[in-house]
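In: Predicted model and sequence follow; I will ask about them next.
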Amino acid sequence: MSTPIPVAKEVAVIGGTPEGRRVVQELLALGYAVHWLSLPGDAPQALPGHPRLTSLVDGMPSRVAGHVGDFCLTVGRDGTARDVCASAVVVAIGNARVAALPTTGVASAARVLTLAQLGARLAAPQDVGAAMAHRNLRVLILLDWEHATSREMAAEAFVTAERVRRAWHSEVCILYQELTVDAPGMEATTRRMREQGIVFCRYEEGAIEDGALLADDEGVAITYAEGRLTGDLLVVPEIVQPREETAALAALLRVTVGADGYFQDVSIHQYRPGLSVRRGVFVAGRCHADLSVAEAEADALQVVALVDGLLGAGVLAPEGEVAAVDATACIRCLTCVRTCPHAAIEIVTRHDRTAAHVVELACRGCGACVGNCPVQAISLSNHAWPAWMQAAE
């Protein structure tokens, strides 16, 4: 099949996250119909009503069938199940945050906070005047405690530090091991923070040993190579990790996850953010990379461009050379189905014969099925089996 076939400009976006919201907004602006599936636990990401937008709350798919140009997602269970059809799927489920507060040496838990807890205190109504409860406090923000702080949480810690300095007029000290400033605007942010009087203290790995961190009713204290640093509040950013739904969703979509549990890009050797191993399935934002807020938004925009590059013309054609199965030689061993990295092969019955079938729109011509077929029933278009292999048959 070389003739392009028409496809609907219809996309399913999974994930009620800020990056998912941005993907939905941009796709609607480009004229796409969008099915927005929010997972259980997603924060509200409401959008104004739109005639081409269908929003489904608690929309974790229970089944995914089809291929690029013709995906079918079953959402809901039992009597509430419904099918959602789309030509492409974008996964933007974000990540999960887990508190990782120190416990050894902490006699007063009220003085040890996560970033979220500190943010809640900042947002709470405060008394005004010279006798503000938080005025002149010293706040210590401890990065890289037991685990390297992610770019996302480091960026959020910096924003929170500036809010504390501005709203509470407190002293703020940030302790870190390795501070990367290659995220957009991060270097300018650290310079601005220093100008505001926020202090950065570097410590070596293992410098803060067991018993070197104390928190009691009198305050908090950290002892490390540079000496003893005291304060009134200790803030430790949360750890980010893949969401519980990541592995199950990857299995449904028949895409891979990396060793870290996040959605894995198509190839680390040909890094193209947003792509998965399956044509028509895209990943956006923090579900596949450690990204700051600005980077997650940029990643979402790039995924929208990739989707539009695939579906924008309203037609789809195979990508170059594709595999083909000789149905008369196929023994239905399922080797090709198991080894195809792009989930492009299925078993079908045609003309009273059951055999493997290559979905040409989903095939990327990698040749994995050709090399693994035990009876040489599969070949790439315009490629014949070498003479030495035919002689050895």
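Out: Good, I have the coordinates. Numbering: from 1, shown residues only.
In: domain parsing for the chain?
Out: Per automatic domain parsing, the domain ranges recorded for the chain read 5-95+242-316, 98-240, 323-392.
In: Let's have those domains in TSV, adding mean neighbour count.
Out: For every residue, glycine as well, the C-beta is placed using N, CA and C. What follows is the domains of the chain, written out as TSV (neighbours: other C-beta atoms under 10 Å):
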stretch	mean neighbour count
domain 5-95+242-316	19
domain 98-240	16
domain 323-392	16
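In: okay, the ones you listed in CSV with mean pLDDT next?
Out: As requested, the domains of the chain are exported to CSV (pLDDT from 0 to 100):
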stretch, mean pLDDT
domain 5-95+242-316, 90
domain 98-240, 86
domain 323-392, 86
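In: list the contacts for residue 239?
Out: 97, 98, 99, 100, 147, 150, 153 (C-beta atoms under 8 Å, 6 or more residues apart in numbering).
In: And those residues, which two are furthest apart?
Out: 99 and 150 (14.0 Å; C-beta to C-beta).
In: Apart from its neighbours in sequence, what residue is nearest residue 242?
Out: Distances taken as C-beta to C-beta, 6 or more residues apart in numbering place residue 261 nearest to residue 242, at 3.9 Å, with adjacent residues excluded.
In: For the one you found, pull up the helix or strand it's in.
Out: For residue 261, there is no enclosing helix or strand under DSSP states H and E.
In: Could you verify my assumption that it touches residue 248?
Out: No. Between residue 261 and residue 248 there is no contact under C-beta atoms under 8 Å: 11.9 Å.
In: nearest to residue 319, of the contacts of residue 239?
Out: Of the contacts of residue 239, the one sitting nearest to residue 319 (C-beta to C-beta) turns out to be residue 150, at 34.5 Å.
In: pretty sure the closest one is touching residue 290, no?
Out: Yes. Shown here, residue 150 and residue 290 form a contact pair, counting by C-beta under 8 Å, at 4.9 Å.
In: list the residues that contact both of those two?
Out: With C-beta under 8 Å, 6+ apart, residue 150 and residue 290 have common neighbours residue 240.
In: Check the gap between the residue nearest to residue 242 and residue 98 for me.
Out: 13 Å (C-beta to C-beta, to the nearest Å).
In: Quickly list what's touching both of those two.
Out: Common neighbours of residue 261 and residue 98, using C-beta under 8 Å, 6+ apart, are residue 241.
In: So what does residue 300 look like in phi/psi?
Out: phi -60, psi -40 (degrees, to the nearest 10).
In: Make sure it is actually in contact with residue 284.
Out: Yes. Using C-beta under 8 Å, residue 300 is in contact with residue 284, at 4.8 Å.
In: so what sits against both of the two?
Out: 19, 20, 23, 92.
In: Next, format those residues as CSV and append distance to residue 86 and secondary structure.
Out: Shown next, in CSV, are those (distance: C-beta to C-beta, whole Å; DSSP: H, G, I helix; E, B strand; the rest coil):
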residue, distance to residue 86, secondary structure
19, 18, helix
20, 14, helix
23, 13, helix
92, 14, coil
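In: Please identify which pair of those residues lies farthest apart.
Out: Most distant of these, by C-beta to C-beta, are 19 and 23, 6.5 Å apart.
In: now the shared contacts of residue 300 and residue 284 as JSON lines including distance to residue 36?
Out: Shown next, in JSON lines, are the shared contacts of residue 300 and residue 284 (distance: C-beta to C-beta, whole Å):
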{"residue": "19", "distance to residue 36": "12"}
{"residue": "20", "distance to residue 36": "7"}
{"residue": "23", "distance to residue 36": "9"}
{"residue": "92", "distance to residue 36": "10"}
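In: ok, so of these, who is nearest residue 218?
Out: For these, the nearest to residue 218 is residue 19 (42.9 Å; C-beta to C-beta).
In: got a list of what that closest one touches?
Out: Here residue 19 is in contact with 92, 94, 284, 285, 286, 296, 297, 299, 300 (C-beta under 8 Å, 6+ apart).
In: Can I get these in JSON lines including distance to residue 57 and secondary structure?
Out: Listed next are the contacts of residue 19 as JSON lines, based on distance: C-beta to C-beta, whole Å; three-state DSSP:
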{"residue": "92", "distance to residue 57": "16", "secondary structure": "coil"}
{"residue": "94", "distance to residue 57": "16", "secondary structure": "coil"}
{"residue": "284", "distance to residue 57": "20", "secondary structure": "coil"}
{"residue": "285", "distance to residue 57": "20", "secondary structure": "helix"}
{"residue": "286", "distance to residue 57": "21", "secondary structure": "helix"}
{"residue": "296", "distance to residue 57": "22", "secondary structure": "helix"}
{"residue": "297", "distance to residue 57": "23", "secondary structure": "helix"}
{"residue": "299", "distance to residue 57": "24", "secondary structure": "helix"}
{"residue": "300", "distance to residue 57": "21", "secondary structure": "helix"}
